[in-house]
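Visitor: Provide a 3D model corresponding to the input given below.
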Amino acid sequence: MMPMSNLPALTNDMKHEILEKVLAALQTKFYKPELLNARWDEAVAARRQSVESAPTHEAFEEAVSSLLKELKTSHFGFFHGSAHRASSRAALSATYLEEDTDHGKRWVFQDVHSGGAAATAGIAPGDILLSVSGKQIIPPEHPVFPMGEVLDVEVDTGSGSVKMVRVDVARPKGKKLHFIEPTLVESRRLTSDLGYLKVAMFPGMAGMDVANQISAAADELEGTTGLILDLRGNTGGGVGALRVMSLLTPDRMPVGFSLNRNWKGNLAEEKTGFTRFNSIPEKKSGLWLLALRFFPAMVQKSPIVLETEGLGKRSFQGNIVLLVDRHTASAAEMIVAFAQDNQLATVAGEDTAGRLLAADSVKVGHGYRLALPTGSYHTWSGRVLEGTPIKPEVKLPFDWRGRRTGKDEQLERAQSLTAIG
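Guide: Below you'll find the model as predicted:
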């Protein structure tokens, strides 16, 4: 892992070459080509000089990223492959929001997932982020966390108490460093009749590990007559989210699908004929069967419908509250939309993030990569969620000052929404 400051300098010609490859990738892969219009061309022309004359790698990244923001869509990223750094969401397994505090405008931790780097270091919801490695972090600047470093993070924990914690965001796994993964699935009985199931994220494209953990937790909660499904701070991931949707209903039900820029057709007429994915294998040995089954659709780049697995009746079905917040995104939002469209749960909490696109990344030269959205997600009912946060039926605001005292008012109120109370 090489610090950005130690990378060989880029000439203006190199930066021009990288920018041209970024623009070419957008033309061939970006899911919404109609946005690459005259307005986009004007933005490129206006910013080209500042991009190609950026004095450092960091400034170059910032200039290209700022240009990409002109397209006003999620799932964009521009980074050097050697950087190995991330936002707190990925590095700390934590999210935050901007708030007025006694220190002025600051980032306040909202979701802190058990087992993640932040929780392990002793950071809790409601803590105020003051500095990282001696540098004050004041909005709109976001903290960035390099892999392979142990960072000193200063937080205000309330009652005038400020503490410094040591945060290790990654650990070796084989020959590479990997972010510390949080506890993916937590479950317990809040009462003898009310279960609680929290899923932090859905790692892995096939989602086998998290799906198996979700099923094991659901088995332990069998017999309860109500369930709170906590997706707060769940920023998505892969197809493991299908297992959660399959716990909401005993039947096989279509969920939704992604369309890339090349698909042309009549959805109303053709969607019932799309290939369906409706079973997550329990073991890796089942992956080759998946590959064989879906190879024709992948080659033809035709849509694949997610469909619930038909796992049968659960005791808590019909009395489920989905707890969400502003950080619930991507695959987690698919669950929320599916539950709403089919009236399978009461959604409570904050508006979700409204970030739901299929994405990919491509090499654009000299060690740089471009991550970009390549497909739009459609619910079976026809909703496109990108840029449109899902509104819960019951609004439950986040009280960060209350969380500093250990009180989770959102969870307490969600419990009262069940038929159990």
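
Visitor: now name the helix or strand holding D219.
Guide: Assigned by DSSP states H and E, D219 belongs to helix 208-221.

Visitor: which other helices and strands contact the helix or strand following that helix?
Guide: With elements assigned by DSSP H and E, the helix or strand that comes after helix 208-221 is strand 226-230. Helices and strands touching strand 226-230, by 3 or more C-beta pairs under 8 Å, 6 or more residues apart in numbering; DSSP states H and E, are strand 194-199, strand 320-324, helix 409-417. C-betas here are computed from N, CA, C, even on glycine.

Visitor: if we use 6 Å, what do you get?
Guide: strand 194-199, strand 320-324 (3 or more C-beta pairs under 6 Å, 6 or more residues apart in numbering; DSSP states H and E).

Visitor: list the contacts of G387.
Guide: G387 makes contacts with G354, as judged by C-beta atoms under 6 Å, 6 or more residues apart in numbering.

Visitor: ranges for the strands of the stretch 51-200 of the chain?
Guide: 77-80, 85-86, 94-101, 104-112, 128-132, 135-136, 145-146, 150-158, 161-168, 170-173, 176-179, 185-189, 194-199 (DSSP state E, counting those that start in this stretch).

Visitor: which one of the helices and strands packed on strand 226-230 is the most hemmed in?
Guide: Looking across those with neighbours counted as mean count of other C-beta atoms under 10 Å, the highest average goes to strand 320-324: a mean of 27.

Visitor: show me what it is in contact with.
Guide: Strand 320-324 has contacts (C-beta under 6 Å, 6+ apart) with 227-232, 336, 339, 345-349, 352, 414, 417-418.

Visitor: ok, stretch 235-254 next?
Guide: Under the criterion C-beta under 6 Å, 6+ apart, residues 89, 201-205, 207, 210-211, 214, 218, 255, 278, 280, 305-313, 329-332, 334-335, 338-339, 344, 380 lie in contact with stretch 235-254.

Visitor: rewinding a little: same question for the helix holding D219, mean pLDDT?
Guide: Taken as a whole, helix 208-221 carries a mean pLDDT of 96.

Visitor: from the chain's centre, how far out does it sit?
Guide: Here helix 208-221 is found 20 Å from its chain centre; the criterion is C-alpha atoms, centre = their mean, to the nearest Å.

Visitor: now swap in stretch 40-56 and tell me
Guide: With C-alpha atoms, centre = their mean, you get 29 Å for stretch 40-56.

Visitor: ditto for stretch 319-338
Guide: 11 Å.

Visitor: report the buried members of the contacts of stretch 235-254.
Guide: When the contacts of stretch 235-254 are checked for burial by 16 or more other C-beta atoms under 10 Å, the buried set is 89, 201-202, 207, 210-211, 214, 218, 255, 278, 280, 305-309, 311, 329-332, 334-335, 338-339, 344, 380.

Visitor: pLDDT score for the nearest residue to L344 once chain neighbours are set aside?
Guide: Nearest non-adjacent residue to L344, counting by C-beta to C-beta, 6 or more residues apart in numbering: L248, 4.2 Å away. Per-residue confidence (pLDDT) for L248: 98.

Visitor: dihedrals phi and psi, L248?
Guide: In terms of degrees, to the nearest 10, the main-chain angles of L248 are phi -80, psi -20.

Visitor: measure it to I320 for me?
Guide: Per C-beta to C-beta, to the nearest Å, L248 is found 6 Å from I320.

Visitor: quick one: the strands in the stretch 251-400 of the chain?
Guide: Assigned by DSSP E, counting those that start in this stretch, the stretch 251-400 of the chain shows strands spanning 254-260, 275-277, 304-307, 320-324, 346-349, 357-365, 368-379, 394-395.

Visitor: which other helices and strands does the third one contact?
Guide: What it means is strand 304-307. Short answer (3+ C-beta pairs under 6 Å, 6+ apart): strand 304-307 packs on strand 254-260, strand 275-277.

Visitor: looking at these, which one is packed in the most?
Guide: Mean neighbour count (mean count of other C-beta under 10 Å) peaks for strand 254-260 among the helices and strands packed on strand 304-307, with a mean of 21.

Visitor: partners of that one in the sheet?
Guide: Here strand 254-260 is paired, per DSSP bridges, with strand 304-307 (antiparallel), strand 368-379 (antiparallel).

Visitor: mean confidence (pLDDT) on stretch 107-115, please.
Guide: 96.

Visitor: buried ones in that stretch?
Guide: W107, V108, F109, Q110, D111, V112, H113.

Visitor: ok, now stretch 356-369?
Guide: L356, L357, A358, A359, S361, V362, V364, G365, H366, G367, Y368, R369.

Visitor: model confidence for the second one, exactly?
Guide: Same thing as L357. Here the pLDDT value assigned to L357 is 84.

Visitor: now do the contacts for it.
Guide: Per C-beta under 6 Å, 6+ apart, neighbours of L357: H75, P373, E386.

Visitor: on that earlier part again, save the helices and strands packed on strand 304-307 as JSON lines, and put in mean pLDDT and distance to S192 too.
Guide: Below are these laid out as JSON lines (pLDDT from 0 to 100; distance: least, C-beta to C-beta, whole Å):
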{"stretch": "strand 254-260", "mean pLDDT": "90", "distance to S192": "32"}
{"stretch": "strand 275-277", "mean pLDDT": "88", "distance to S192": "36"}
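
Visitor: need these in TSV (columns: distance to G122).
Guide: Output for the helices and strands packed on strand 304-307, formatted as TSV (distance: least, C-beta to C-beta, whole Å):
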stretch	distance to G122
strand 254-260	39
strand 275-277	41
